[in-house]
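Asks: Can you look at this prediction? I've put the sequence above it.
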Amino acid sequence: MSSTPQVILVFSGKRKSGKDYVTDLLQKRFGENVCTIMRLSSPLKGQYAKDHDLDFEKLLDASEYKEKYRKDMIRWGEEQRQKDPGYFCRLATSGDNSDKPIWIISDARRKTDVEYFKTNYSQLTKTVRVEADEKVRQDRGFIFTTGVDDAESECGLDEGINWDYIINNNNDENLLNSTLKPLIQHVENQPKS
Ligand SMILES: Nc1ncnc2c1ncn2[C@@H]1O[C@H](COP(=O)(O)OP(=O)(O)OP(=O)(O)O)[C@@H](O)[C@H]1O
């Protein structure tokens with residue numbers, strides 16, 4: 001087991017809902033010295049790249065390269081997860097930054113991702129859904145892709161989760177800030193260690 005943080009925020013949202021935008025904003029607010037962003041997809045890509053002899057850096061950015069391997073990477077990740085549902089969650093949270101007190105998991109995709117944190121860190125975990133209208137997501141570059149946007153990896157958390165916080169990230173900064181406020185208060189109310 002990795003080090004124990006004080007609070008864990010597990011984020012989910014559709015493509016281009018603004019997960020990276022919102023989690024970056026929060027990290028800046030809390031401070032990079034105490035808050036780390038962990039991506040469950042990051043060890044997945046690293047391990048996939050190793051196994052398939054691919055360029056890891058290229059797989060991390062939003063290039064055509066990433067799109068080309070996306071489908072196969074999803075299939076491969078699924079295979080690993082069937083063997084061990086917590087495999088990528090454990091990998092993602094065992095890096096050097098795991099000694100920071102605030103963990104932001106920026107990209108939960110499946111019920112098993114949420115269950116992993118709820119089970120292993122039940123008192124510390126809060127779940128957060130970032131929402132944006134389809135039109136807004138399209139304006140940010142979202143294009144529906146069959147085989148990706150209808151797969152479990154994109155739809156697994158669309159239903160059946162009782163989110164602790166729902167963040168409205170349409171193009172309305174006031175609404176974004178007001179939906180973020182209770183979450184920020186929760187984190188800032190944690191006793192300092
Ligand atoms: N509230 C906002 N104000 C201004 N720009 C935003 C806002 N939210 C998101 N964006 C922009 O929209 C684009 C997509 O956002 P982002 O990368 O955060 O989405 P994502 O949900 O992480 O996407 P993906 O699932 O594809 O990785 C980015 O260019 C980001 O800067």
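Replies: Arrived safely.
Asks: check contacts around the nearest residue in space to Lys126 that is not next to it in sequence.
Replies: For Lys126, ignoring the flanking residues on the chain, the nearest one in space by C-beta to C-beta, 6 or more residues apart in numbering is Asp164 at 4.3 Å. In this view, the C-beta of every residue, glycine as well, is placed from N, C-alpha and C. Neighbour list for Asp164: 126-128 [criterion: C-beta atoms under 8 Å, 6 or more residues apart in numbering].
Asks: top of those by neighbour count?
Replies: Going through those with other C-beta atoms under 10 Å as the criterion, the one with the most neighbours is Val128, at 25 neighbours.
Asks: now the one helix or strand that residue maps to: how far from the chain's centre is it?
Replies: Secondary structure assignment for Val128, by DSSP states H and E: strand 125-131. Averaging C-alpha positions (C-alpha atoms, centre = their mean, to the nearest Å) puts strand 125-131 9 Å from its chain's average.
Asks: ok, and what's touching the helix or strand following that strand?
Replies: The element immediately downstream of strand 125-131 (helix or strand, assigned by DSSP H and E) is helix 134-139. The list of residues contacting helix 134-139 from outside it, by C-beta under 8 Å, 6+ apart, reads 14-17, 142, 169-171.
Asks: which of the residues you listed are the two that sit furthest away from each other?
Replies: Of all pairs drawn from the contacts of helix 134-139, the widest gap by C-beta to C-beta lies between Arg15 and Asn171 and measures 16.8 Å.
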